[in-house]
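S.K.: Give me coordinates for this.
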Amino acid sequence: MRTSYIIALGANRRHPRHGAPQHVVAAAIERLAPRARSRISVTPPLGPSRRRYANAAILIESMLSPPDLLAKIKTIEHDFGRRGRGQRWSARVLDLDIILWSGGAWEDASLTIPHYAFRTRRFVLAPLCEIVPHWRDPISHLSVRHLLTRLDRKQLSP
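M.R.: You can find the predicted model right below:
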């Protein structure tokens, strides 16, 4: 059975073959062969990194289970030069995260879907809103568009 997954992509280090982070994200998108893709946007860093990030989101279809898809995207990260997990929020050649899937919520020792922090990250919600605005968070039951609107309102409040 084919399952739909939303993957967030981010990069903020150059790659020897692909070049700037925007090109790294574009190359990873091509490798994952999405059904839909957002624009690639450049956003300020989160945490201690000083480098700006290139971010995007894609919708893919796969026969893989969530753990098997996680293994596949970790292999892609490794192929792009990512080594180990390193410092949280540090510079990285490529970061791929499963944000949502059509199966609702999933949790095991190595993976939690929906992604634990996606509701608080505009750099994830804005690209998601471009491709799947009506998808619902299986925990809050709010649509991606509603989550983005709520986050934007919260950030505008004094």
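S.K.: going forward, measure contacts and count neighbours with C-alpha atoms only.
M.R.: Fine.
S.K.: Show me where this protein has its strands.
M.R.: Using DSSP state E, the strands of the chain run over residues 3-11, 36-37, 41-43, 53-62, 95-101, 106-107, 112-113.
S.K.: Turn those strands into a markdown table, columns for mean pLDDT and distance to residue 126.
M.R.: Output for the strands of the chain, formatted as a markdown table (pLDDT from 0 to 100; distance: least, CA to CA, whole Å):
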| stretch | mean pLDDT | distance to residue 126 |
| --- | --- | --- |
| strand 3-11 | 96 | 11 |
| strand 36-37 | 97 | 12 |
| strand 41-43 | 92 | 9 |
| strand 53-62 | 96 | 9 |
| strand 95-101 | 96 | 13 |
| strand 106-107 | 96 | 23 |
| strand 112-113 | 96 | 18 |
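S.K.: and the closest residue to residue 110 other than its chain neighbours, how many neighbours does it have?
M.R.: Of all residues beyond its chain neighbours, the one nearest residue 110 is residue 67 (7.8 Å), with distances taken as CA to CA, 6 or more residues apart in numbering. Counted with other CA atoms under 10 Å, the neighbours of residue 67 add up to 15.
S.K.: Pretty sure residue 67 sits against residue 111.
M.R.: Yes. If you go by CA atoms under 8 Å, residue 67 and residue 111 touch, sitting 7.1 Å apart.
S.K.: Find residues that contact each of those two.
M.R.: Listed as contacting both residue 67 and residue 111 by CA atoms under 8 Å, 6 or more residues apart in numbering is no residue at all.
S.K.: shaky segments in this structure?
M.R.: By pLDDT under 70, the weakly predicted segments of the chain are 47-49, 82-91, 157-158.
S.K.: where do the helices sit along this structure?
M.R.: 21-32, 66-79, 122-131, 144-156 (DSSP state H).
S.K.: okay, the angle between the second one and helix 21-32?
M.R.: Here the directions of helix 66-79 and helix 21-32 differ by 130 degrees (axes from the mean of the first three to the mean of the last three CA atoms, to 10 degrees).
S.K.: and helix 66-79, what does it pack onto?
M.R.: In terms of contacts (3 or more CA pairs under 8 Å, 6 or more residues apart in numbering; DSSP states H and E), helix 66-79 is packed against strand 95-101.
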